[in-house]
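Q: Provided below are the primary sequence and the corresponding predicted coordinates.
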Amino acid sequence: MINFPNCKINLGLQVLGKRPDGYHDLCTIFYPLPVRDVLEVLSATETNLAVTGIPVDGDPEKNLCVKAWQLLKQHHPELSPVSIGLHKNIPMGAGLGGGSADGAFMLQLLNKKYQLGIAEEKLMEYALQLGSDCPFFIVNKPCLATGRGEKLTPVSPDLKNYSFLLVHPGIHVNTGWAFSQIKPAAASADLASIIQQPVEQWRHTLVNDFEAPVCNHYPEMQAIKDKLYNAGAIYASMTGSGSCFFGIFPKKQLPAIDWPATYRQFLLP
């Protein structure tokens, strides 16, 4: 069985304070976009993971797809060992949530393939054990996210008349480092209200708190945002803690921009 984990972007991101559990309270809008990995599961005699596409460093046992299988196995001992094939296309360390999407989609795939009968609410509980962003990918619709990012309220920004351009400069921004650059503060704006306004008004009101310190450390990333606006973007921002930027353009009016050879761009008309 196969499915296609997609990425997300953040429309605004506020870091509100550090919690007693070590996490931070956040407020953001998660918005799904169709840049996708490919995830396949086959029954096997022992669980294993094979990755193609973008290389994934680290211990396979720590991959969220494997951890998703291990988590469900604890609660469903009848679950078969599986051979996992993961083709990575979503850049990592980019703020696009690719790893979280893989873990959440793995939970859904196993639930469907092996007819485990797990309800969506329970899948979201499992997803939160994998990571703060993971529950969003169970819902996979635009949401206002609060708490660690797991408290989700559906929202409906009207972006049907726009196209997206994503740019990844090949820089891996460490999330822990990015948080260390932030001074948490009370919310300065109501994100749910801002995204109901025309996109033309977002430029000066919809802010990602990580963007300024990350761009200060990586000046080439500020240059990406400037280039998107110079090319006609109505709104441009960094997603997550970086390093990917996105530009919102009028529908089917995506520009041809000359990026360095090490950059990747995704055109979503």
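A: Structure's in. What do you need?
Q: for residue 73, what are its contacts?
A: Residues in contact with residue 73 (C-beta atoms under 8 Å, 6 or more residues apart in numbering) are residue 79. Bear in mind the C-beta positions are built from the backbone N, C-alpha and C, glycine included.
Q: repeat the analysis, applying 10 Å as the threshold.
A: Contacts for residue 73 were tallied using C-beta atoms under 10 Å, 6 or more residues apart in numbering; they are 47, 79, 80, 81, 82, 110.
Q: now residue 189
A: By C-beta under 10 Å, 6+ apart, the contact list for residue 189 reads 12, 14, 27, 205, 206, 207.
Q: are any of the contacts of residue 73 buried, and which?
A: Listed as buried from the contacts of residue 73 are 47, 79, 80, 82, 110; burial here means 16 or more other C-beta atoms under 10 Å.
Q: which phi and psi does the last one have?
A: So that's residue 110. phi -60, psi -40 (degrees, to the nearest 10).
Q: how many residues are close by the residue nearest to it when sequence neighbours are not counted?
A: Distances taken as C-beta to C-beta, 6 or more residues apart in numbering place residue 72 nearest to residue 110, at 5.5 Å, with adjacent residues excluded. Residues near residue 72, counting by other C-beta atoms under 10 Å, number 20.
Q: quick one: residue 72 and residue 118 touch, right?
A: Yes. Using C-beta atoms under 10 Å, residue 72 is in contact with residue 118, at 7.9 Å.
Q: if I look at these two, which residues touch both of them?
A: Joint contacts of residue 72 and residue 118 (C-beta under 10 Å, 6+ apart) are 107, 110, 111, 126.
Q: how near is the last one to residue 262?
A: Read it as residue 126. Distance, residue 126 to residue 262, using C-beta to C-beta, to the nearest Å: 37 Å.
Q: higher neighbour count, those two?
A: residue 126 (21 against 9).
Q: please, which helix or strand holds the more buried one?
A: Using DSSP states H and E, the element containing residue 126 is helix 120-130.
Q: same check on residue 177?
A: Using DSSP H and E, the element containing residue 177 is helix 175-180.
Q: any idea which helix or strand comes after that helix?
A: Immediately after helix 175-180, counting by DSSP H and E, sits helix 191-194.
Q: for the helix or strand just after that following helix, buried residues please.
A: The element immediately downstream of helix 191-194 (helix or strand, assigned by DSSP H and E) is helix 211-217. Across helix 211-217, burial judged by 16+ other C-beta under 10 Å covers 211, 213, 214, 215.
Q: which of those residues lies closest to residue 183?
A: residue 213 (9.3 Å; C-beta to C-beta).
Q: what's the nearest residue to the closest one if we skip its chain neighbours?
A: In space, residue 213 is closest to residue 181, 3.7 Å off (C-beta to C-beta, 6+ apart).
Q: where exactly do the strands run in the stretch 1-150 of the chain?
A: Under the criterion DSSP state E, counting those that start in this stretch, strands of the stretch 1-150 of the chain are mapped to 2-3, 6-18, 24-36, 38-43, 48-53, 82-88, 143-147.
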